[in-house]
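Engineer: Predicted structure and sequence below. I'll ask about it afterward.
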Amino acid sequence: MIRFTDVTKVYPGGTVAVGGLSLRAPSGKITVLVGPSGCGKTTSLRMINRMIEPTSGTIEIDGRDTSGLEPNELRRGIGYVIQSGGLFPHRTILDNIATVPLLLGWDRRRARARAHELLERVGLAPELGRRYPNQLSGGQQQRVGVARALAADPPVMLMDEPFSAVDPVVREQLQDEFLRLQADIGKTIVFVTHDIDEAIKLGDQVAVLRVGGTLAQLAAPADLLADPADDFVADFLGRDRGYRGLAFTEAPALPVTREPTVRLGAGADEARRVAAGEEWLLVVDADGAPAGWVRPSALVAPVGPDDLHRGGTVARVGGSLRAALDAALSAPSRRGVLADDDGRLVGTVRAQDVLAEIEREPSEAAS
Amino acid sequence: MNLLWTWLADPAHWQGDDGIPVRIAEHLAYSGVTLLLAAAIGVPLGLWVGHTGRGRVLVVNLVNGMRSVPTLGLLFVAVLVVGPLLAGDIAFVVPAIFVLVVLAVPPILAGAYAGVEGVDPGARDAARGMGMRPLEVLAKVEVPCALPLIFSGLRSAALQVVATATLAASVSLGGLGRFLIDGQAYRDYGQMAGGALLVAVLAMLVDLVLAGVQRVAVSPGLAPVRTSRRTGRLSRLVPTTT
Amino acid sequence: MNWLLTHLDEVGGLMVTHAVLSVIPLVIGLVVAVPLGWLAWRYRLLRTPLVAGTGLLYTIPSLALFILMPLVLGTGILDPLNVVVALSVYTVALLVRTVADGLASVPDEVLQAATAMGIGPLRRFFGVQLPLAVPVIAAGLRVAAVSNVSIVSVAALLGIAQLGSLFTDGFARNFLDPIIVGIVACMVLALALDLAILAVSRAVTPWLRVGSPA
């Protein structure tokens, strides 16, 4: 656990970057520091590994005051990932990853083996290990940055906007992989971002900071969305808070309707018969997975891929209320498609049933 | 043209104390000693300026200012002022080497400084964040990343030194410049042109050898994938000739 | 000081010659380097041979190049033309790369916007790209000007009269005054050329002097 107690950073000239910050980042969890620029989030992060020295207050890691530790020893035991990646351009990817193990005095072979293992762990092909950073894409470089920070298996990781320099599609991919990785390794992570959506997606708890480096609110993402402490936090969270908050509520057993279906390739007459007068009919593929909606009245030939309306999202049974509601809202039939964990169709659910569920347990999200 | 080949082809010019091999050896000796001294001064100083950021303005002005000092004039002043204080051959060698070093330090200094200053701040920050001590950051990250520009400074300086060492013959030093100066004195154009050709070839070879060393010493990861503006800026800071 | 006062006319004359010998190659070099630099910028394949080839010429020590010039030009060893051509070669060597860098420093969007407005290739080059590359090219030109002034003085060893003659005369007579005066005159000339190019560069790029709204 990392504990800030009344930490202040005043720069020469009197700018207060961090003003009396107290918070705890629990072990094995992701704590996200988020806020507008000038809120001292990066300064706070960099005080943990003493890249910046606090003006006053104490920071403890697992009960040990960091100010009593030798800074370089401290840093070698903490993973550090920064926005630009900060890879060493003159070293191969493998040598980049092996940096800290070698600093710690591991022998070369062991350090290289560890680097190989991590390369795979962050989803990079082994042959990339021999390349140099400028031969990699931005997303790949960020993965190497994460692998390098993990190399000596530090219990604590500090991440400063690690995914903000890549395009949105890659960013989402990296975030998903990062969450999977963390589920495996369970590090104590402090993560800085200016992107509230990223904070809500990744954080076990989110600390919203305001300009001047004071804590506006520290809460789990769902609680933050459901109950912002003040106007500043509410503004910072932005629109659609109620809807976004549903993402954190697991859908209970919703009333599922069995949906009449046809397979891809079924004849037009069969489709019209099964639809029994309904405007939209659900089509499944050979594995029984939902493929899309079709309008039987418009069919002139057997159901082909081009006839499908693919706009609807598919929710999983046991997924969030937000996913279930979105499935209903996005389907042209307004019947939300539910699938099991293997992707096979279970049935459909109506928006009014999801809403009834939400109204029945209004306090669920706010608790 | 004939005069040139006749002179070069004459075996008598390739032997003895004032033959071509001896002059080449002298030329390389002056240049080598100078370059070592200049590098010993310029590289650490440049690394220090680049690492600490102190004295940047001074470096830029020194480099630009030194370029406007006419080499030949500086050489004559040094010999006239310092020479009388010394006796024998030393009276010419010491001031000449001194001037060569003075001229070679600025490009080396500028290369080392610009190289370290141009290191990606992210890489430096990451190195510190991983727990490297300041000297480790310098040795393991800053210097290797700065090598391309350190070499470009060294090569500029080497060209400058080889060229100026030629002029040193006019203050009665050895080296290939002797042929140029003596040829002039004896109205022997063949000797002048022959010497000039040798100097030109020597300069190119020295640059080629340094380019080869650079190729081996610099990490392939620093190869110029993009034609960066950084090197563009340096090319205006470093090259000098006489 | 006394020496300077009694030799003002002589020093003034040498300075004029020196300036002419330095400036003419600068103009020739620029005129040659712009098309070559354009080629190096436009055709990536040509860049390496052009930059490396001119760079090779740059490695030749000046005294050697002065002496070898008659072989190429058929001039006499005392002909100032040798100096002018040799310095033009150095200037081209220095500027080809600078011009290519300067042209590359113009943002692509600007060129595409010009094309989209229907500006033809030639007008686009002279009306848009070259003016925007002026700061970079001018910086290279300033370096060339300053080193030209220093290199010209070397030609005194061959008996071509300019400020460098003060060095050889002074050295032959073991007399410091003319050498010091020569050095100072060279540096003044270099500074004057440097400032002149800077002034011209500023004058043709008025948009760079306007402060951006803070």
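Structural biologist: Nice, I can see it. Numbers count the residues shown, from 1 in each chain, chains lettered A, B, ... in the order given.
Engineer: where are the low-confidence patches of the chain?
Structural biologist: No chain specified, so I'll use chain A. Scanning chain A with the threshold set as pLDDT under 70 gives A:361-367.
Engineer: Chain C is the one I meant
Structural biologist: C:1, C:211-214.
Engineer: Against which helices or strands is the lengthiest helix in it packed?
Structural biologist: Longest helix of chain C, by residue count under DSSP state H: helix C:8-42. Judged by 3 or more CB pairs under 8 Å, 6 or more residues apart in numbering or on different chains; DSSP states H and E, the packing partners of helix C:8-42 are helix C:44-58, helix C:80-104, helix C:130-154, helix C:164-172, helix C:176-203. For glycine as for every other residue, the C-beta is placed from the backbone atoms N, C-alpha and C.
Engineer: Swap in 10 Å and give it another go.
Structural biologist: Under the contact criterion of 3 or more CB pairs under 10 Å, 6 or more residues apart in numbering or on different chains; DSSP states H and E, helix C:8-42 touches helix C:2-6, helix C:44-58, helix C:80-104, helix C:130-154, helix C:164-172, helix C:176-203.
Engineer: Does chain B have contacts with the fourth one?
Structural biologist: Which is helix C:130-154. Yes. With CB under 10 Å from any CB of the partner chain as the criterion, chain B is reached by helix C:130-154 at C:136, C:139-147, C:149-154.
Engineer: tell me which residues in that helix are buried?
Structural biologist: Judged by neighbour count (16 or more other CB atoms under 10 Å in any protein chain shown), helix C:130-154 contains these buried residues: C:130, C:132-134, C:136-154.
Engineer: The last one now?
Structural biologist: Neighbour-count burial for helix C:176-203 flags C:178-183, C:185-187, C:189-190, C:193-194, C:197, C:201 (criterion: 16+ other CB under 10 Å).
Engineer: Check the secondary structure at A:Gly311 for me.
Structural biologist: The three-state assignment at A:Gly311 reads coil, by DSSP: H, G, I helix; E, B strand; the rest coil.
Engineer: For the residue of chain A positioned farthest from its centre, give its distance to A:Pro332.
Structural biologist: What lies farthest from the middle of chain A is A:Asp269; by CA atoms, centre = their mean that is 46.0 Å. Per CB to CB, to the nearest Å, A:Asp269 is found 22 Å from A:Pro332.
Engineer: now chain B, which segments are flagged as low pLDDT?
Structural biologist: For chain B, the stretches with pLDDT under 70 are B:1, B:224-242.
Engineer: For it, which helix extends over the most residues?
Structural biologist: Ranked by residue count, the top helix of chain B under DSSP H comes out as helix B:20-52.
Engineer: hey, what's the spatially closest residue to A:Ala339 that is not a sequence neighbour bridged with?
Structural biologist: In space, and not counting its chain neighbours, A:Ala339 is closest to A:Val314: 5.2 Å by CB to CB, 6 or more residues apart in numbering or on different chains. Under DSSP bridges, the beta-bridge partners of A:Val314 are A:Val337.
Engineer: Number of residues surrounding A:Val314?
Structural biologist: 18 (other CB atoms under 10 Å in any protein chain shown).
Engineer: What separation do you get for it and chain C?
Structural biologist: 42 Å (CB to the nearest CB, to the nearest Å).
Engineer: you'd agree that residue is up against A:Arg335?
Structural biologist: No. At 11.9 Å, A:Val314 does not count as touching A:Arg335 under the criterion of CB atoms under 10 Å.
Engineer: Out of the helices and strands packed on helix C:8-42, the one nearest A:Val122 is which?
Structural biologist: Among those, the nearest to A:Val122 by CB to CB is helix C:44-58 (34.5 Å).
Engineer: Report the angle between that closest one and helix C:8-42.
Structural biologist: Inter-element angle recorded for helix C:44-58 and helix C:8-42: 150 degrees (by axes from the mean of the first three to the mean of the last three CA atoms, to 10 degrees).
Engineer: Show me what counts as buried in helix C:44-58.
Structural biologist: Quick answer for helix C:44-58 (16+ other CB under 10 Å): C:47, C:50-51, C:54-55, C:58.
Engineer: returning to what we had before: the helices and strands packed on helix C:8-42 into a markdown table, with extra columns for distance to chain A?
Structural biologist: Shown next, in a markdown table, are those (distance: least, CB to the nearest CB, whole Å):
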| stretch | distance to chain A |
| --- | --- |
| helix C:2-6 | 52 |
| helix C:44-58 | 18 |
| helix C:80-104 | 18 |
| helix C:130-154 | 24 |
| helix C:164-172 | 44 |
| helix C:176-203 | 34 |
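Engineer: Also near chain B: which of the buried residues of helix C:44-58, exactly?
Structural biologist: C:47, C:51, C:55, C:58.
Engineer: wait, which of the residues you listed is closest to C:Ile119?
Structural biologist: Scanning these for proximity to C:Ile119, where the rule is CB to CB, the winner is C:Arg47, at 25.0 Å.
Engineer: Leaving out the residues flanking it, which one is nearest to that closest one?
Structural biologist: Nearest one to C:Arg47, counting by CB to CB, 6+ apart, is C:Ala40 at 4.4 Å.
Engineer: name the element A:Thr5 belongs to?
Structural biologist: Secondary structure from DSSP states H and E places A:Thr5 in strand A:2-10.
Engineer: Could I get the buried residue list for whichever helix or strand comes after that strand?
Structural biologist: Downstream of strand A:2-10, the first helix or strand assigned by DSSP H and E is strand A:16-25. Neighbour counts over strand A:16-25 (16+ other CB under 10 Å) mark A:16-21, A:23-25 as buried.
Engineer: Ok, stretch A:315-333 next?
Structural biologist: Quick answer for stretch A:315-333 (16+ other CB under 10 Å): A:315-317, A:319-328, A:331, A:333.
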